[in-house]
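> what's the 3D shape of this:
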Amino acid sequence: MPPDLITTDTPCPLWRRLLALVYDLLIVLAIVMVVGLLCQLATGGQLIRTGATAVVPVWYQALQGAVVAAYFIGSWRRGGQTLGMRPWRIRLTRGDGGTPTLQQALIRVLVAAAPLALLLLEPVIGLRATLWTWLLVWASWFAVAAFDPRRRALHDIAAGTEIRLLG
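Modelled structure (predicted):
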């Protein structure tokens, strides 16, 4: 492995991992758009029904979730870095510094995505309250890193992984 790609034992600061996440969100947006286009073409433009409310098929939501999860899991398993992590020179590792296992990557992506289930509250409490609730819960997932000595977020603790700086 080239010397500039060796992972240090230094935990990644929260600000750096959040900026990497912003980069990854742009990539995820592009992935979701491509999958959406392909599904629109496959359904003859009838994918989402509109009326008083929009109706998005459950299979489409599951497909989008699976494709996004595959992006993260595949990236973490193939070198510990997503495209968004590369410019910030950070890498996801196991506690011993190795590449995360498939089980660890799956646990990490499921726990990180768990707050998305709160979006199901929208019909009950309204869009504004749902989005604020989701944002607060999601922020608390990362706030844990401020108190953890290895700067691990909740999904890292659950999966037994951590984000480290590259040398």
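> Then Trp88 would be within a helix, right?
No. Counting by DSSP: H, G, I helix; E, B strand; the rest coil, Trp88 is not part of a helix but coil.
> how about it, what does it touch?
12, 16-17, 19-20, 23 (C-beta atoms under 8 Å, 6 or more residues apart in numbering). C-betas here are computed from N, CA, C, even on glycine.
> One more: Arg91?
Residues in contact with Arg91 (C-beta under 8 Å, 6+ apart) are 7, 79-81, 85, 163-164, 166.
> got it, and Ile73?
Applying C-beta under 8 Å, 6+ apart to Ile73 gives the contacts 102, 105-106, 109.
> Identify the farthest-apart pair in those residues.
Leu102 and Val109 (10.8 Å; C-beta to C-beta).
> rewinding a little: narrow the contacts of Trp88 to those in helices?
16-17, 19-20, 23 (DSSP state H).
> Any of those residues buried? List them.
With neighbours counted using 16 or more other C-beta atoms under 10 Å, the ones in helices among the contacts of Trp88 contain these buried positions: 16-17, 19-20, 23.
> Columns pLDDT and distance to Ala62 on top of those residues, output as CSV?
Below are those laid out as CSV (pLDDT from 0 to 100; distance: C-beta to C-beta, whole Å):
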residue, pLDDT, distance to Ala62
Arg16, 95, 32
Arg17, 94, 27
Leu19, 96, 30
Ala20, 97, 26
Tyr23, 97, 25
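> Appreciated, that's everything.
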